[in-house]
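**Q** Compute the structure for the input listed below.
(one chain, ligands or ions: 1)
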Amino acid sequence: MRFEFAPGTVVLVGGGPGDPGLMTVAGLSAIQQADVIVHDRLGPLELLDEAADGAEVINVGKIPRGAYTPQEEINRLLVDRAQQGLRVVRLKGGDNYVFGRGGEEWLACAEAGVPVRVIPGVTSAVSVPAMAGIPVTHRSLSQGFCVVSGHVAPDDERSAVDWGALARCGLTIVILMGVHNLNHIADALIAGGMEPGTAAAVVADGTTPGQRTIRSRLDRVSNEAAGADVRPPAIVVVGAVAGLTLNAREPD
Ligand code: SAH
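**A** This is a model prediction of the structure:
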């Protein structure tokens, strides 16, 4: 359905994992109507070509561990443009509320009295494994999945994740932002009681022409991913489903 976009509104748009075909119809409609689009480096950037002539397109993209626009500045930008009476799209990769700081942006707009809406997106946590042939649940193999951020190592004081509990939960574990700390994460899961031979896969640049999958096991996945020079964005899947291959989209 075409999205009804009132002037002076901010819309948080989930762009999906990268393939432009995986953005929602409502999200595309919002992009086509926007006066301002604030985006970062992930998501369906080809669809920025769909923006109206004269639309302002602002890249606030964060490179992992590199230069970035502070969140407060992004919040100010959204509020400022909306208060000028413009229609503002905040485009994120995947879904804005899955490690996308969408909640903070929603609150910043609401506190400033700016109308804000959300168009959910297809999260990479589910779609990237799917495109690599890995279902996050599968009858007889997994009765659920946990999506967790690996951006801080398990022994880092900022980590609030109980990796020992995850090791014993019996569910598929989907780790976002986990490539850098993968060796520590795998060690923590094994220390928590997970079998070292548990299937584990890493999918990089999922849903894009550069998609690559490394299939391995928990005790080797970090070395094999490093050996294959896997870089973000990548998703790690740990659990029996990571041993399945349900399609052959990739040449490997
Ligand atoms: N809001 C996003 C996640 C943002 S966090 C979502 O719902 O998908 C960024 C992390 O998402 C990356 O470090 C990576 O772990 C994962 N990611 C996003 N897009 C990806 C892609 N196309 N391929 C592999 N991983 C991806």
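**Q** on contacts alone, who are the packing partners of the helix ranked longest in the chain?
**A** If you go by DSSP state H, the chain has its longest helix at helix 71-83. For helix 71-83, the elements it packs on are strand 10-14, strand 36-39, strand 88-92, helix 102-111, judged by 3 or more CB pairs under 8 Å, 6 or more residues apart in numbering; DSSP states H and E. (Glycine included, C-beta is placed from N, CA and C.)
**Q** Out of these, which gets nearest to the ligand?
**A** Proximity of those to the ligand was assessed by CB to the nearest ligand atom; the nearest stretch is strand 88-92, lying at 5.5 Å.
**Q** and the stretch 1-150 of the chain, which of its residues are near the ligand?
**A** Residues of the stretch 1-150 of the chain that fall close to the ligand, judged by CB under 6 Å from any ligand atom: 17-18, 42, 92-95, 98-100, 123-125, 128.
**Q** now the strands for the stretch 51-200 of the chain?
**A** Secondary structure of the stretch 51-200 of the chain (DSSP state E, counting those that start in this stretch): strands located at 56-59, 88-92, 116-119, 145-149, 172-176, 199-204.
**Q** right, and those strands - which one's nearest A225?
**A** Among the strands of the stretch 51-200 of the chain, the nearest to A225 by CB to CB is strand 199-204 (4.7 Å).
**Q** ok and the helix or strand just after the closest one relative to strand 199-204, angle-wise?
**A** Per DSSP states H and E, the first helix or strand lying C-terminal to strand 199-204 is strand 212-217. Here strand 212-217 points in a direction 160 degrees away from that of strand 199-204 (axes from the mean of the first three to the mean of the last three CA atoms, to 10 degrees).
**Q** Use 30 as the first number for this chain going forward.
**A** All right, first residue 30 from here; so that's strand 241-246.
**Q** Now tell me what touches the very next helix or strand once past strand 241-246 from outside.
**A** Counting by DSSP H and E, the next helix or strand C-terminal to strand 241-246 is helix 250-256. Outside helix 250-256, the residues that touch it by CB atoms under 8 Å, 6 or more residues apart in numbering are 208, 211-212, 214-215, 229-231, 243, 245, 263, 265, 267.
**Q** Counting neighbours, which of those end up buried?
**A** V208, L211, I214, A215, A229, A230, V231, I243, S245, A263, V265, V267 (16 or more other CB atoms under 10 Å).
**Q** What number of residues are in the vicinity of the closest residue in space to the second one that isn't next to it in sequence?
**A** Pointing back at L211 there. In space, and not counting its chain neighbours, L211 is closest to S251: 4.2 Å by CB to CB, 6 or more residues apart in numbering. The local packing of S251 (other CB atoms under 10 Å) involves 23 other residues.
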